[in-house]
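**Student:** I'd like to go over a predicted model; first the sequence, then the structure.
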Amino acid sequence: MLVICLLNGTFFVLFRSLNGCSEYADSFVSQEIDGQALMLLREEHIVVAMHMKLGPALKIVANVNAMKREALKEHQ
C-alpha cells in the first residue's frame with residue numbers, strides 16, 4: 001500500500017509495505033513530487049528521471065493507478 005503523509009506543507013511518500021520501495025522515499029521529496037504530481041507519474045518518469053529500478057517502479061505505478069481508480073469511483 002502506498003501511504004502519503006502531509007508534513008509541513010510537503011508530501012512525504014512512504015512505501016511501508018511495498019518491498020524494495022522504501023529506499024526511494026527521499027527521491028520523491030527531492031524531486032518535489034506532491035499529491036498532484038504523484039497522480040501524473042508514469043513508469044517512464046520513475047525509472048528514467050528518478051533512476052529507480054523497474055520492479056519498485058512498477059509497484060508504485062500500480063498503487064498510484066489504484067488510487068486513481070478509487071478517486072474516480074468516489075466522484076461518480
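**Tutor:** Cool, got the structure. Numbers count the residues shown, from 1 in each chain.
**Student:** which residues of the protein score low on pLDDT?
**Tutor:** Within the chain, the stretches with pLDDT under 70 are 1-17.
**Student:** can you give me the helices in it?
**Tutor:** Using DSSP state H, the helices of the chain run over 25-30, 35-40, 43-44, 54-74.
**Student:** any buried residues in the longest one, and which?
**Tutor:** Residues of helix 54-74 classed as buried by neighbour count (16 or more other CB atoms under 10 Å): 56-57, 59-61, 63-64, 67. (Glycine included, C-beta is placed from N, CA and C.)
**Student:** contacts for stretch 40-56?
**Tutor:** Under the contact criterion CB atoms under 8 Å, 6 or more residues apart in numbering, stretch 40-56 has outside partners 15, 18, 20-21, 24, 27-28, 31, 33, 57-58, 60-61, 64.
**Student:** between those residues, which is nearest residue 76?
**Tutor:** Among the contacts of stretch 40-56, residue 64 lies closest to residue 76 (CB to CB), at 19.2 Å.
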